[in-house]
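Visitor: sequence? don't have it. structure:
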């Protein structure tokens, strides 16, 4: 006899999807297939990670034991050792990575920029639905503004679908779980039966089959978020780990064309150098989980580009609190490293000439055969194999 209080797994997923903003029949999910309007290269997926919060090269590639995962990527890809940043505050400097335009933004500003983002360029140029372009963030409401701009030719209709550190697990969703309890995940046998039932229901209708496939992906995503404890994280970099875990789960379930990630927790350096180093180490391990998903996925493994860089570095010397600020105009602050790994990139290549953080967005657009007319950066030298 069915417990009248506990809903079926299907009911739970249906209500949960609505609470989280991922409606089963919502066209934002797209078809699960990327656009065919690509360049002639092998890259079909991009992961852009802003290892933000202010991270010096001294604690990354200057001490490689802190970043074994990034080191492994760099050994197989291209490492830029002198990436010029603009100390525009965390918000402005981070925005410059995604737009290719360096614009000063105040510490308390909370509005989109005027220059289109890489997400808008790629969505418009490749005619991608919202479900193919995502950004996960760890720095609160301000970082939502990285998803799109105010530019009249681009803007919100070409925005990245945004998840903050708690992902779909907003207050309404959490209340739902509190009332219903966690659903039991299907075993392998149940999954086979469910797949057979979907096939019978769909019959010869391609539209119904597409809707059922979308429902299955939503269910799988929600269940993975619950099973993996994506939001059950604590510690000094909990927000960063949540954002990275969300990106990992999105990739494993939806395989979207573009995933951006924005971190912030290394800014603990203001008050604790040791805490800052620990955040770098833990974030590197979480980046490694994303790389593992890519390497093990038969679709993503040979078609995914990963680019990782900070928005700027930190001061040369410790402050009075035995921490590191960001304001001395030293090379430690103004130059960072960038790791680029992917099927169209060079392998085992180190580029020591000066480049800029604003070169990232136009380079990725060019990689995908899309123009970025408002960007002020240039193509990264030595990027392609």
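Guide: Sure, I can see it. From a predicted model like this one, the values you see are computed outputs, not experimental measurements. Numbers count the residues shown, from 1 in each chain.
Visitor: how about residue 288: what's its closest non-neighbour residue?
Guide: Spatially, and ignoring its direct neighbours in sequence, residue 288 is nearest to residue 69 (3.3 Å; CB to CB, 6 or more residues apart in numbering). Using the backbone N, CA and C atoms, a C-beta is placed for each residue, glycine as well.
Visitor: any chance you could list what contacts the host helix or strand of the one you found?
Guide: Assigned by DSSP states H and E, residue 69 falls within helix 68-76. The contact list for helix 68-76 (CB atoms under 8 Å, 6 or more residues apart in numbering) reads 60-61, 64, 284-285, 287-288, 291, 306, 308, 339, 341, 347-348.
Visitor: for the residues you listed, which one is nearest residue 319?
Guide: residue 60 (20.1 Å; CB to CB).
Visitor: isn't that closest one right up against residue 283?
Guide: No. Using CB atoms under 8 Å, residue 60 makes no contact with residue 283, being 10.2 Å away.
Visitor: part of a strand, is residue 282?
Guide: No. Read with DSSP: H, G, I helix; E, B strand; the rest coil, residue 282 is helix and lies in no strand.
Visitor: count of neighbours near it?
Guide: 19 (other CB atoms under 10 Å).
Visitor: looking at it, it is touching residue 234, isn't it?
Guide: No. The criterion here is CB under 8 Å, and residue 282 misses it with residue 234 at 11.4 Å.
Visitor: per-residue pLDDT of the residue nearest to residue 285 when sequence neighbours are not counted, please?
Guide: Excluding the flanking residues, the one nearest residue 285 by CB to CB, 6+ apart is residue 69, at 6.5 Å. pLDDT recorded at residue 69 is 98.
Visitor: could you list the low-pLDDT ranges of this protein?
Guide: For the chain, residues meeting the criterion pLDDT under 70 lie at 1-38, 165-187, 189-232.
Visitor: wait, what's in contact with residue 140?
Guide: By CB under 8 Å, 6+ apart, the neighbours of residue 140 are residue 164.
Visitor: can you list the domain ranges for the chain.
Guide: As given by automatic domain parsing, the domain ranges for the chain are 43-167+235-367, 170-229.
Visitor: need those domains in CSV with distance to residue 385, can you?
Guide: Shown next, in CSV, are these (distance: least, CB to CB, whole Å):
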stretch, distance to residue 385
domain 43-167+235-367, 5
domain 170-229, 33
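Visitor: which of the ones you listed sits most buried?
Guide: domain 43-167+235-367 (a mean of 21; mean count of other CB atoms under 10 Å).
Visitor: now do it: distance from first to last residue.
Guide: Taking CA to CA, to the nearest Å, domain 43-167+235-367 runs 8 Å from one end to the other.
Visitor: just to revisit the earlier point, from the contacts of helix 68-76, which is closest to residue 365?
Guide: residue 306 (16.3 Å).
Visitor: show me what the host helix or strand of the closest one is packed up against.
Guide: Using DSSP H and E, residue 306 maps to strand 304-309. Helices and strands touching strand 304-309, as assessed by 3 or more CB pairs under 8 Å, 6 or more residues apart in numbering; DSSP states H and E, comprise strand 45-50, helix 68-76, helix 273-296, strand 335-341, helix 360-367.
Visitor: circling back to that earlier point, could you give the angle of the helix holding residue 69 to strand 304-309?
Guide: 120 degrees (axes from the mean of the first three to the mean of the last three CA atoms, to 10 degrees).
Visitor: following element in sequence after helix 68-76, please.
Guide: Defined by DSSP H and E, the subsequent element after helix 68-76 is strand 78-84.
Visitor: what pairs with that following strand, parallel or antiparallel?
Guide: Strand 78-84 pairs in its sheet with strand 335-341 (antiparallel), strand 349-351 (parallel), strand 355-356 (parallel), by DSSP bridges.
Visitor: nearest to residue 378, of the ones you listed?
Guide: strand 355-356 (8.0 Å).
Visitor: rewinding a little: and the strands paired with strand 78-84: which comes nearest residue 81?
Guide: Short answer: strand 335-341, nearest of the strands paired with strand 78-84 by CB to CB, at 5.6 Å.
Visitor: now the angle from that closest one to helix 273-296?
Guide: 20 degrees.
Visitor: outside of strand 335-341, which residues touch it?
Guide: 55-57, 60-61, 70, 73-74, 76-85, 305-313, 354-355, 357, 360, 380, 383.
Visitor: go again using 7 Å as the cut-off
Guide: Identification of contacts with strand 335-341 by CB atoms under 7 Å, 6 or more residues apart in numbering yields 55, 57, 60-61, 70, 73-74, 76-85, 305-310, 312-313, 383.
Visitor: over to stretch 267-285?
Guide: With CB under 7 Å, 6+ apart, stretch 267-285 has contacts from 51, 53-55, 59-60, 66-70, 90, 236-237, 240-241, 244, 263, 265-266, 314, 318, 321-325.
Visitor: ok, stretch 311-328 next?
Guide: So stretch 311-328 is contacted by 50, 52, 54-57, 85, 87, 90, 93-94, 97, 269-273, 276, 330, 332-336, 357 (CB under 7 Å, 6+ apart).
Visitor: in a strand, residue 241, correct?
Guide: No. Residue 241: not assigned to a strand; according to three-state DSSP it is helix.
Visitor: quick one: it and residue 233 touch, right?
Guide: Yes. Assessed by CB atoms under 7 Å, residue 241 is found in contact with residue 233 at 4.8 Å.
Visitor: my read: residue 119 touches residue 258, true?
Guide: Yes. Counting by CB under 7 Å, residue 119 touches residue 258, with 6.3 Å between them.
Visitor: mutual contacts of the two, please.
Guide: residue 133.
Visitor: surely residue 162 is in contact with residue 141?
Guide: No. The criterion here is CB under 7 Å, and residue 162 misses it with residue 141 at 10.5 Å.
Visitor: what about the helices in the stretch 101-250 of the chain?
Guide: With DSSP state H, counting those that start in this stretch as the criterion, the stretch 101-250 of the chain has helices at 118-126, 171-180, 188-202, 206-228, 238-254.
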